[in-house]
Each structure stands twice: as structure tokens, then as C-alpha cells.
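Chemist: got a predicted structure plus its sequence, pasted below:
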Amino acid sequence: MPPIIDDYAASIATAGSVAVGSSTSGNIEVSGDHDWFSVNLIAGQTYRIIDTGNTLSDTFLRLHNSAGTILAANDDASSSTLNSLITYTATTSGTYYIDASGYGTHTGSYTISVSGDDYVASTATLGAVSVGGSASGNIELAGDHDWFSVNLTAGISYYLSETGNTLSDTFLRLHNSAGTVLATNDDASAYTLNSMIVYTPASTGVYYLDASGYGSHTGTYHVAVSTVDDYLASTSTTGTVAVGSATNGHIETIGDHDWFSVTLTAGTTYQLRATGATLTDAFLTLHNSAGTALLTDDDTGGNLNALITYNPSSTGVYYLDASGVDGSTGSYSVSVTTVDDYAATSSTTGLLTVGSSATGNIETAGDADWFKVTLTGGVTYQLRETGNTLSDPYLYLHNSAGTVVASNDDITALNLNSLITYTPSTTGIFYLDARGYSSLTGTYSVSVFSDDYAASTSTTGTVAVGGSAGGNIEVSGDHDWFSVNLVAGHSYHLGETGSGLSDPYLYLHNSAGTVVASNDDISAANHNSLISYTAPTTGTYYLDAAAYSTHTGAYTVSVVGIA
């Protein structure tokens, strides 16, 4: 038998060589044979070294440095092939040695090829992509992975994509800065083999796109990163902001606009703001429900922030449109607050005169509106707060020093409006303080009228037995008291007859002010009031002339002794 000739030596003295970008063939003639090939590699460059069997059914590959020391080894490139693959990034420039052999006792021919890998599959990659940009690469062989670094910002949503050029079926992964897989995608939909990941990072920092081919697919591709717009620039936006609160957003790209719906109430003044965080110059537009622009502002809010003050003529949905000026991008907040119509101090612009009324709005829970009025000493007044949309008013009266001198929540258990009857001891300035009960809000009216008679035992009104007296129910809820002296055991007819008052209501109080009798209508056909009463004790009693419901007008009270 002729001697077996070994084609390549298994040492650095080998005559075998291969250049990057080319290939060469050899033969494992006997079990345990090793063929070495020299190759020149450049420091920092990544290479793919492949040993592909021809008649050699199971290859085994090693890489040695210039001293012959093993640096890397591989048996099977993947679970689906018995060929061998080493991916290696050279630490120094110089000569290395590829060591081809057969696994176990396998023999046969093979082909060695060396190619540069465009991007490594680790955080050491030189591949990078910016938000709004793209990068191209090549999956040179089955199992190749190319990594690209990208800087992502916390709270912003991104589209991360891998689109094949000659690569027919892509597969994309996303890694964090430690290299841990965070998300993966094979096919973006049932209609494409390209890959898409939608991701919102919890923290700002460096992330890595890992581009590969599905299965054993190879070829060229490009990866891209773009922001997902957080809010649409139309009336179909999902962005909302409530009065008294704020919502955050982000101008991701130059020219981006974010819309936020808000419900505004007619007659209420609002401050609408766009305040930059990382957005250096905010711009705000207000649109109506049809999307038509009503007002714009750039810098009224100070520090390049935007502020619009607006009082809508109709209640409904409006839209705040936040954007950046001169290409500025970044994060911001939009907010909507009410402007208080009247201050809760003596510096208020609210003014009332006796016999007049004014309207206002309790915009927020705890709001208080003050109205200045001059009252005359010794004159009795009725001070009233009547709710419009405010369901339960609460009224206070302050003197000129701001001290509370009277208050009222409900006129009666059935009437939640507020009424204060007050007789100042001296002439001076007072303040009506209109509020809502508890946290209630809404519109109201306040009024001040002089009252001819007080609704208390301090009244100046009197009527004698056998006589009469006239008065006026000036406003809804007014009560006029008249003192009268009754004798124990005697019976009396006490009457209230309307002149301008269409439906009187009469009460009788004892000397302590306690109601002892009352009457609304004499009969179904006669709406005047009549009380028949026998006094249990001799003393002062009080006729309390009032009106049914909200009626007002002039009346006469009378007292007649019954024989």
C-alpha cells in the first residue's frame, strides 16, 4: 500500500493558508488528522471562520494564535448542521491558524472559508442606530446576529424594526445594557416576514437591537428606530386633561403636535398652559369641538412656556394643541385651571348696592367669592345667595375687618339657598362671602335688600289688638315679625291679608320666639292666612308674616279679640 500523504501539517509550519474573503479546501485523510491554515487578522475586526464538510460528514474547527495556543473551538454551528463555525474578534493584528479536523474518527474532504462579520453579537458592537434613523447590515451565514446600540428615553414608546432586503425572513430581539433579552419578534403581522417591536422603556439608557434571520436564512437587511406618537393631532386623540389637573406628553419629532380634549363651561374663565420640561420652547393652540383654531400663544407663560386665558361662550369639548417652537422637541405638561372671578378678601372686585344683585361662580371646592356692600346702621337687610348650578349655597357676612358676623346654610330644610337677615349697629362696609356647601361648585347670584321688619324678637314692628299694620315681603324667604300683647285666657283672630302678596303664610311665636301656631290658607279658595288662638299666658307674642314658597309683595297683619 502506498504511503498516505498529508496535504497540510498540523503546526505553525504548515504550508496551508487562506485569505479573508476567500476559501480553500483540504482532506482529512485519516482519523485524527488535523490541517492547519494560516490567516492574517486585524485587531478589533470580527471574523467568521467556517468549516464545511464535503465528504467529511462531521467537521470540527479550532483557532490558534501565532504561538499555536487554542483561542476558540466549535463542533456544530447549530443543532441543524454538523458543520463548524467560529466567530472571533481579533485582539491583535497578526497571523492566526485555523485547525480543521473531523469529529471523532470521521474523515473526508472539506472547505475552509473566512469572512468578516459586519457587526458583533454583543454589547461590544460598533453598530449603532439613532432614533429616527436606520442602519444596514448583512446576515452572512445561518445563525449570524448583528447588534446595534441605541439610546432610548424612559416613558417614550418606540417602533423598532428589521426589514429584509435580500434577507427573506427576519428575526429581531431587543436587549438591555446588560445584554438581557427584553422583547422579540419574528413577523410583524400575518402579511409580512419583517420584524417589528413596539417598546416603552422604563429607564433612559443604552439598548441593543439584535438583527438576525429566521432559521437558516441569510442576506442583507436594515434596522430602524422611530418614536410612536403619544397623542394624535386631531379630535380623535386619546389625550385628555381635566380642569384643575395636568397631563404629560412628549414632542417626539420636529413638527409633532399633541391634542388633549377638555370640557369647559360657558362663563368661566380658564388658564390653559403648556409648560416645558425638556421641551425648551412650548407653543399652545386652542381648538373648538370642530377642530377650528380659536387662540394661540408662544411665551405668555414665561420662560418660553405658553399660556392662554379663555372664557368660553358655550359649554362643551375643546382641544389643547401642544407643540414645539423652531424645531424644539422634548417632554412637557398641559394644564387647565379656573381663574377665580372674585377674591376671598377685602380687595375683591365684587361690588353690590342695596336693592341689587350679582352673579358669580364657585369654580373649585372651597372657593369663596366676596362682595363689598355699604349697609346703614339700624336698617334691617336681607342678604341672599341663590344657587343656579350651585345646588347648595352657603353665605357668610363679614364686617370691615373681615370678621364673620353672621352666616346661613339653608333657609329651610326644603330650601337649600341661603338667607341672612341682619341689622348693623353702625353704618359701614360689609362683605358678603358666597360659597358652596362642603365641596360643591357652580354658579349663583347674591343680592342685598333692605328689610322693613326683622325676623326676630328684636323687630321694630308692632300691632295692637283691634289694629293692623302693613309690610312687604321684599324677597323670597323674607319674614317680618310684629310684637303684640295678648292676655291669658282671651281668644284672638290673627290674620295676614295680601295686597300685592298673592299667597301669605302666617306664624305665631311666643316670647321666646318658638312657633306656637301657623296657617297658610283660610280655605282652598282663600289664600290669605288666619290663626285663631287662645293665649295660655299674658305677655308679648309675635306675628310672623311670610309668604308661601317664593311669593313676594305687600300685605297687612291684624289682631282681633274674640268676645
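Modeler: Noted; the coordinates are in hand.
Chemist: what distance separates the start and the end of stretch 63-81?
Modeler: With CA to CA, to the nearest Å as the measure, stretch 63-81 spans 20 Å from end to end.
Chemist: on the pLDDT front, check the nearest residue in space to residue 291 that is not next to it in sequence for me.
Modeler: Spatial nearest neighbour of residue 291, excluding adjacent residues (CB to CB, 6 or more residues apart in numbering): residue 235 at 5.1 Å. All C-beta spots, glycine's among them, are computed from the backbone N, C-alpha and C. Among the per-residue scores, residue 235 holds a pLDDT of 95.
Chemist: wait, doesn't residue 27 sit right on residue 109?
Modeler: Yes. Assessed by CB atoms under 8 Å, residue 27 is found in contact with residue 109 at 4.9 Å.
Chemist: neighbour-wise, which of these two wins?
Modeler: residue 27 (19 against 14; other CB atoms under 10 Å).
Chemist: okay, now the sheet partners of the helix or strand that one falls within, with direction.
Modeler: Element membership of residue 27 [criterion: DSSP states H and E] is strand 23-28. Applying DSSP bridges, strand 23-28 is found paired with strand 108-117 (antiparallel).
Chemist: so after the strand it pairs with, what's the next helix or strand?
Modeler: Downstream of strand 108-117, the first helix or strand assigned by DSSP H and E is strand 134-139.
Chemist: who are the packing partners of the next helix or strand after that next one?
Modeler: Heading C-terminal from strand 134-139, the first helix or strand you meet, by DSSP H and E, is strand 145-152. Applying 3 or more CB pairs under 8 Å, 6 or more residues apart in numbering; DSSP states H and E, one finds that strand 145-152 contacts strand 134-139, strand 205-213, strand 219-227.
Chemist: buried stuff in strand 145-152?
Modeler: With burial defined by 16 or more other CB atoms under 10 Å, the residues of strand 145-152 counted as buried are 145-150, 152.
Chemist: export those residues as a markdown table, with columns for distance to residue 158.
Modeler: Shown next, in a markdown table, are the buried residues of strand 145-152 (distance: CB to CB, whole Å):
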| residue | distance to residue 158 |
| --- | --- |
| 145 | 20 |
| 146 | 19 |
| 147 | 17 |
| 148 | 13 |
| 149 | 14 |
| 150 | 8 |
| 152 | 6 |
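Chemist: which one of these is nearest to residue 409?
Modeler: Lowest distance from residue 409 to those (CB to CB) belongs to residue 152, with 56.6 Å.
Chemist: for that closest one, which non-adjacent residue is spatially closest?
Modeler: The nearest residue in space to residue 152 (CB to CB, 6+ apart) is residue 201, at 4.6 Å.
Chemist: in three-state terms, label the residue most central in space within the chain for me.
Modeler: The residue lying closest to the centre of the chain (CA atoms, centre = their mean) is residue 247, at 3.4 Å. Of the three states, residue 247 takes strand under DSSP: H, G, I helix; E, B strand; the rest coil.
Chemist: with adjacent residues omitted, what lies nearest to it?
Modeler: Leaving aside its chain neighbours, residue 247 sits nearest to residue 241 (4.4 Å; criterion: CB to CB, 6+ apart).
Chemist: ok, now which ones touch the one you found?
Modeler: 247, 260-262, 320, 334-336 (CB atoms under 8 Å, 6 or more residues apart in numbering).
Chemist: show me these that map onto strands.
Modeler: Using DSSP state E, the members of the contacts of residue 241 that fall within strands are 247, 260-262, 320, 334-336.
Chemist: show me where the stretch 451-563 of the chain has strands.
Modeler: Secondary structure of the stretch 451-563 of the chain (DSSP state E, counting those that start in this stretch): strands at 461-462, 468-473, 480-486, 491-498, 504-509, 515-519, 529-534, 539-547, 553-562.
Chemist: now these as JSON lines including distance to residue 37, mean pLDDT and mean neighbour count?
Modeler: Converted to JSON lines, these look like this (distance: least, CB to CB, whole Å; pLDDT from 0 to 100; neighbours: other CB atoms under 10 Å):
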{"stretch": "strand 461-462", "distance to residue 37": "124", "mean pLDDT": "96", "mean neighbour count": "18"}
{"stretch": "strand 468-473", "distance to residue 37": "116", "mean pLDDT": "93", "mean neighbour count": "19"}
{"stretch": "strand 480-486", "distance to residue 37": "120", "mean pLDDT": "96", "mean neighbour count": "22"}
{"stretch": "strand 491-498", "distance to residue 37": "122", "mean pLDDT": "96", "mean neighbour count": "20"}
{"stretch": "strand 504-509", "distance to residue 37": "117", "mean pLDDT": "98", "mean neighbour count": "22"}
{"stretch": "strand 515-519", "distance to residue 37": "117", "mean pLDDT": "97", "mean neighbour count": "15"}
{"stretch": "strand 529-534", "distance to residue 37": "123", "mean pLDDT": "96", "mean neighbour count": "18"}
{"stretch": "strand 539-547", "distance to residue 37": "115", "mean pLDDT": "97", "mean neighbour count": "22"}
{"stretch": "strand 553-562", "distance to residue 37": "118", "mean pLDDT": "95", "mean neighbour count": "18"}
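Chemist: would you list the phi and psi of the residue nearest to residue 152?
Modeler: When read as degrees, to the nearest 10, the backbone of residue 201 gives phi -70, psi 150.
Chemist: how close does it sit to residue 186?
Modeler: 22 Å (CB to CB, to the nearest Å).
Chemist: neighbour count for those two, which is higher?
Modeler: Each of residue 201 and residue 186 has its neighbours counted (other CB under 10 Å); residue 201 has more, 18 against 15.
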